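[1] Return a 3D structure for these sequence lines:
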Amino acid sequence: MRLGSVVVPVRGSAIGAFLTAVAAAMPASVAAQSDSASNAALGRKLMDVCVYDQFRRNGSSEGVASACKCAARRAAPSLQARQIERLQIGVPLTGDVRDEVYKALAACR
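    From the prediction side, this is the model:
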């Protein structure tokens, strides 16, 4: 039996059933961790893009990090993951992403 990347010899139906159940449960928990890590990465990317955009617009970094952290938290649920994935750091925000981030920034300040 394969358990992750480890091959486990199975000697008995009780142990085999237990290991099968563990192996079946593992992908779900790994997927949940992956989704949560993925969401955290998307949130960080949205915050980073916001910081660059705000610095470019205002020429100052005063309070930008905390405002963008708040804005990323508020705007992320209304955006699709693919919209955030396509963002490039250093490139001005545009379209729906810009609208959501600016609306969130106004609420955070």
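[2] Going by C-alpha atoms from here, please, whenever you check contacts or count neighbours.
    Fine.
[3] residue ranges of the helices in the protein, please?
    In the chain, the helices defined using DSSP state H lie at 13-58, 64-75, 81-85, 95-108.
[4] Same list (those helices) but as a markdown table, adding mean pLDDT and mean neighbour count.
    Below are the helices of the chain laid out as a markdown table (pLDDT from 0 to 100; neighbours: other C-alpha atoms under 10 Å):
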| stretch | mean pLDDT | mean neighbour count |
| --- | --- | --- |
| helix 13-58 | 69 | 15 |
| helix 64-75 | 96 | 20 |
| helix 81-85 | 93 | 13 |
| helix 95-108 | 96 | 16 |
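[5] mind checking how far the nearest residue to Ala65 once chain neighbours are set aside is from Ser36?
    Of all residues not flanking Ala65 in the chain, Val51 sits nearest, at 6.2 Å (C-alpha to C-alpha, 6 or more residues apart in numbering). Note on Val51: its distance to Ser36, by C-alpha to C-alpha, to the nearest Å, is 23 Å.
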